[in-house]
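Enquirer: Dropping the sequence and predicted coords here.
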Amino acid sequence: RGVKKIAVIPGDGIGPEIMNEAVKVLRQVEQKFGYSFEFQFAMAGGGAIDQVGVPLPEETLSLCKSADAVLLGAVGGPKWDHNPPELRPEKALLGLRKELGLYANLRPVTLFDGMEDRSTLRPEVIAGVDLIVVRELTGGIYFGEKKRTKTEEGEIASDLLIYHEYEIERIVRLSFEMAMKRKKKLTSVDKANVLESSRLWRSVVERVAEEYPEVTVSHMLVDNCAMQIVRRPADFDVIVTENMFGDILSDEAAVITGSIGMLPSASLGQGNSGLYEPIHGSAPDIAGQKIANPSAMILSAAMLLRYSFDDEEAAQAVEKAVKAVIKAGHCTPDLAASGQKAVSTEEFGDLVAEQIEKAEREMS
Ligand code: NAD
Ligand code: IPM
Ligand code: MN
């Protein structure tokens, strides 16, 4: 499978802790599947602000551009929360997504065996959940013009929610293709009863839908979707939506799995290297305690193998290993049942790596 260059950005808070485990697991994959991974560590986020004065150093950006894929832990934290907009850690993430042209953010939500009783939702409600949120990632209100004006009546602030037709069309097309490979069910989520950008979004979905007659398409208003996602989550297959709605709905959907520490993501564009990161943040409230769940980070590495290296076999080996470890009753405190003894971040990573190694012995 050859030499691959992976840019690694551990980031802030729990970022470095979970990244250690993902790299450990990839080292095991390297052995088992005959890769030669070249990990190139880089700074971004709060750490980069502290060390070199900017959230996304030029060096980091060019490294990411030249790498075969990028792994990112998380950025941000209270230390930098009062920084001006250009000097916020989050700016690094937004800059990377935009500069690498990563317009499609895939956020799969699946319920793992043995975790049926860990969600705050009832087991019969979440049984069989297997959905994916396809979030538009380089447009919308995140990237439209921002303004702040002082007036005599006080300050005015605005964020422009803007979408070009081509931006909608490419993410919608990708979602139809995704639905064709899954249960052929697509839910497009918008706020077309109020927003003009949503009305354009809806008309694009309807036009593209004509090319995919096998896919059952429905439109759902985002407020209703926020409710349906916890009421009957198993009915969803592919959910496609704009940038901010996708951000919010995916954190909500994480509740189904029992912990936000379970949700990985892949950010893809055309040609460029993909970026892989958990959907959660830097979790400052638990940073340094060695209790963060590294699953989302490890499963993001699995997505890297799938989408950047086109290696379904290795991706599934990692996913199966995480599933097996969890099914055997090992998990970090966020997922532990009451009274259950939890393992540390590092122990969890060790178990996953061991599981991959064991699978190798069974095969050969
Ligand atoms: P968060 O996702 O960091 O944390 C929310 C809650 O979930 C916390 O209680 C946290 O302890 C818990 N949690 C998150 N990941 C966990 C894991 N792997 N294991 C166990 N528990 C976990 O969201 P927040 O607190 O709103 O944001 C904190 C910082 O992270 C902010 O600065 C925010 O901007 C940033 N952030 C970064 C990213 C990213 O880098 N991709 C994503 C979201 C938020
Ligand atoms: C995410 C995060 C980011 C987002 C922030 C940190 C900019 O919440 O990746 O979900 O809103 O996209
Ligand atoms: Mn988010």
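Expert: Now that the structure is in, tell me what you want to look at. Ligands and ions are numbered 1, 2, ... in the order given.

Enquirer: residues contacting the residue nearest in space to the middle of the chain?
Expert: Centroid-nearest residue in the chain: S265, 2.5 Å away (criterion: CA atoms, centre = their mean). Contact partners of S265, counting by CB atoms under 8 Å, 6 or more residues apart in numbering, are 105-107, 250, 276-279, 300, 303. Quick note: C-beta positions are derived from backbone N, CA and C, even for glycine.

Enquirer: please redo it, this time with the cut-off set to 10 Å
Expert: Going by CB atoms under 10 Å, 6 or more residues apart in numbering, S265 touches 72, 105-108, 133, 135, 137, 250, 275-280, 296, 299-300, 303.

Enquirer: Would you double-check that it falls in a helix?
Expert: No - applying DSSP: H, G, I helix; E, B strand; the rest coil, one finds S265 to be strand, outside a helix.

Enquirer: Would you enumerate the residues in contact with the nearest residue to A104 once chain neighbours are set aside?
Expert: Spatially, and ignoring its direct neighbours in sequence, A104 is nearest to L268 (4.7 Å; CB to CB, 6 or more residues apart in numbering). Contact analysis of L268 by CB under 10 Å, 6+ apart lists 100-106, 137, 174, 274-276, 303, 307-308.

Enquirer: L268 and K290, how far apart?
Expert: 32 Å (CB to CB, to the nearest Å).

Enquirer: can you pull the pLDDT of the residue nearest to A104?
Expert: pLDDT, L268: 98.

Enquirer: Phi, psi for it please.
Expert: Main-chain torsions, L268, degrees, to the nearest 10: phi -120, psi 150.

Enquirer: So what's the model's average confidence on the top strand by length along the chain?
Expert: Looking across the chain with DSSP state E, the single longest strand is strand 2-11. Strand 2-11 carries an average pLDDT of 97.

Enquirer: between the following helix or strand past that strand and strand 264-268, how many degrees?
Expert: Note on strand 2-11: by DSSP states H and E, the next helix or strand toward the C-terminus is helix 15-33. For helix 15-33 against strand 264-268, the angle by axes from the mean of the first three to the mean of the last three CA atoms, to 10 degrees is 80 degrees.

Enquirer: relative to strand 2-11, how tilted is helix 15-33?
Expert: Relative orientation of helix 15-33 versus strand 2-11 (the same axes, to 10 degrees): 170 degrees.

Enquirer: list the helices and strands helix 15-33 packs on?
Expert: strand 2-11, strand 35-41, helix 46-52, strand 69-74, strand 274-278, helix 295-307, helix 312-327, helix 345-363 (3 or more CB pairs under 10 Å, 6 or more residues apart in numbering; DSSP states H and E).

Enquirer: can we see that at 7 Å?
Expert: Packing contacts for helix 15-33, counted by 3 or more CB pairs under 7 Å, 6 or more residues apart in numbering; DSSP states H and E, involve strand 2-11, strand 35-41, strand 69-74, helix 295-307, helix 312-327, helix 345-363.

Enquirer: Could you list the buried residues of it?
Expert: By 16 or more other CB atoms under 10 Å, the buried positions in helix 15-33 come out as 15-26, 28-30, 32-33.

Enquirer: distance of the residue in the stretch 51-200 of the chain positioned nearest to ligand 2 from ligand 1?
Expert: Nearest residue of the stretch 51-200 of the chain to ligand 2: E90, at 4.0 Å (CB to the nearest ligand atom). Distance of E90 to ligand 1, computed by CB to the nearest ligand atom, to the nearest Å: 5 Å.

Enquirer: SS state for V189?
Expert: Classification of V189 using three-state DSSP returns strand.

Enquirer: before we move on, what about the one 3 residues further on?
Expert: Under three-state DSSP, A192 falls in the coil class.

Enquirer: so the nearest residue to it once chain neighbours are set aside is in which element?
Expert: Closest residue to A192 apart from its sequence neighbours, by CB to CB, 6+ apart: S198 at 4.2 Å. Per DSSP H and E, S198 falls inside helix 196-209.

Enquirer: same for that helix, what does it pack against?
Expert: Using 3+ CB pairs under 7 Å, 6+ apart: helix 196-209 touches helix 165-181, strand 185-190, strand 216-221.

Enquirer: Pick the most buried one from the ones you listed.
Expert: strand 185-190 (a mean of 24; mean count of other CB atoms under 10 Å).
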